[in-house]
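> model this:
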Amino acid sequence: MAATGKPKPRHCLTAGSNLVDIVSMPTDTSNPPAPSMDEVNPAADGSDLDRRNAGGARGGRRLARLLIPLGCLLLLVMPSTREMAVQAMADAYWQVASFVAATLWIFYALQARLDGSSRLAKILAPSGRFQVLFASFMGLLPGCGGAIIVMTQFVKGRLSFGALVAVLTTTMGDAAFLLLASKPGDALIVFACCFIAGLMAGAAVDAVHESSFLRPEESSDPLDHVHFLDSNAHTELSGVIWRWLLIPTAIVGLLVAFQFEMDSFLALPEGTSATVGAALALVLLFAWAIHAVRPHTAVSECAHHHYSLIQRVAVDTNSVLSWVIVGFIGFELVVMATGFDVAQLPNVAAAVLIPAAIAVGWIPGCGPQILTTSLYISGGIPLSAQIGNAISNDGDALFPALAMAPRAALVATVYSTVPAVVMAYGYAAVFE
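A predicted model of the protein is given here:
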């Protein structure tokens, strides 16, 4: 059968490629050569044993992943944990997945329109000078979508470790929506401090470390190179789900971020929005579990050559959502088991309010950070403590970061503490 349309590139991006540096081989569209086994399945090396091992590993990973949605289902069924599980899963869906999906859709749509000679591709090349600036701007985006995008680009080799530190320093997570809605003037001050801190930290780190510092090495596991045609049915299903959910989910997520009570706003029975959010999160959890690819593989360019735009958004969003749910429920289970109350951490002597707020920022997830911002809005902590928390916290972006590049994520979090201390105490000394 003769090929039609523009021939697709036959090689995927490598870890060190530019933003859209695709190396294509000339193809005779009138008489295309038959694909070899290696082109159809990059994991195939002529050994049936290797193929069977890859398939077995894929099945084992699927089974292991299924434990997460099954565990969530068990928590939803048990009366003692049902309310906690519903609220945690609903928060993960409405407050996190909604913005991740919308941000990724915008980013991938823009990325698809770039070519190898584009100005942005040159700026963001591994040798570019504006990676830290770009990452700092992405960190300013309310929510964690911008930070997650920079994290995936760092893993792929397109952004430096300094850019990763910059975005994790700048991002305030979902707490930014609360601060913007309640005190927009103070929010601008906090954003400015975060942006300056991110620029300084990122530039300093790039001056000390090479761009590939702590970047995870490309896996030699044959499963990571298996062609994704065997998972297309699952991917298409996720794409169909998000095609219908993307716009309404983004709208509801934005309203929730600005403190609208959705049940009363839509005249629904109390608890309806939480139940719907938890149910959708559970469906997407199962979709993620049966799609047997690793987080860094799910965002790879090789996989995305076979995916539509909405499928790419679905694969990456489901991966992020799953780790956020694990983090939310894990944190709540610890609170239930130990009686730990994060609200009491900042409520100590005034001399330690700033380090206490910074310490809260080390806790993964946006829940504790939103609580800290709520304390500031209610007058419980000064603006300097709020600035320290905003700079030190990584929000929900830390969960997928730990999944894709755990060492880099932990070191970047430690590095972001330094500008948090400097900016918070500096603001307190000058203005308070």
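> ok, now which ones touch the residue nearest to the spatial centre of the chain?
Among the residues of the chain, the one closest to the centroid is Ile148, at 3.3 Å (C-alpha atoms, centre = their mean). Each residue near Ile148 by C-beta atoms under 8 Å, 6 or more residues apart in numbering is listed here: 100, 103-104, 320, 397, 400-401. Placement of C-beta: from N, CA and C, glycine included.
> quick one: which helix or strand includes it?
helix 145-155 (DSSP states H and E).
> list the buried residues in that helix.
Residues of helix 145-155 classed as buried under the neighbour-count rule (16 or more other C-beta atoms under 10 Å) are 145-155.
> hey, which helix or strand in the chain has the poorest pLDDT?
Confidence across the helices and strands of the chain bottoms out at helix 295-298, with a mean of 40, counting by mean pLDDT, DSSP states H and E.
> how many neighbouring residues does Asp396 have?
Number of residues near Asp396 (other C-beta atoms under 10 Å) recorded here: 33.
> show the subsequent helix or strand relative to the helix or strand hosting Thr317.
With secondary structure defined by DSSP H and E, Thr317 is part of helix 309-338. Counting by DSSP H and E, the element after helix 309-338 in chain order, helix or strand, is helix 353-361.
> which residues in the protein form strands?
Under the criterion DSSP state E, strands are not mapped anywhere in the chain.
> re the thing from before, adding pLDDT and distance to Leu199, write the buried residues of helix 145-155 out as JSON lines.
Below are the buried residues of helix 145-155 laid out as JSON lines (pLDDT from 0 to 100; distance: C-beta to C-beta, whole Å):
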{"residue": "Gly145", "pLDDT": "71", "distance to Leu199": "20"}
{"residue": "Gly146", "pLDDT": "80", "distance to Leu199": "15"}
{"residue": "Ala147", "pLDDT": "85", "distance to Leu199": "15"}
{"residue": "Ile148", "pLDDT": "78", "distance to Leu199": "20"}
{"residue": "Ile149", "pLDDT": "79", "distance to Leu199": "18"}
{"residue": "Val150", "pLDDT": "86", "distance to Leu199": "14"}
{"residue": "Met151", "pLDDT": "84", "distance to Leu199": "18"}
{"residue": "Thr152", "pLDDT": "79", "distance to Leu199": "21"}
{"residue": "Gln153", "pLDDT": "82", "distance to Leu199": "18"}
{"residue": "Phe154", "pLDDT": "88", "distance to Leu199": "17"}
{"residue": "Val155", "pLDDT": "84", "distance to Leu199": "22"}
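> for Ala207, state which of those is nearest.
Using C-beta to C-beta, the shortest approach to Ala207 within the buried residues of helix 145-155 belongs to Phe154, at 17.2 Å.
> so the closest one makes contact with Ser160?
Yes. Under the contact definition of C-beta atoms under 8 Å, Phe154 touches Ser160, with a separation of 7.4 Å.
> phi, psi of the residue nearest to Asp174 when sequence neighbours are not counted?
Counting by C-beta to C-beta, 6 or more residues apart in numbering, the nearest residue to Asp174 once its immediate chain neighbours are dropped is Cys366, at 4.0 Å. The phi and psi values for Cys366, taken as degrees, to the nearest 10, are phi -90, psi -10.
> would you enumerate the residues in contact with Cys366?
Applying C-beta under 8 Å, 6+ apart, the residues contacting Cys366 are 95-96, 144, 173-175, 395-396.
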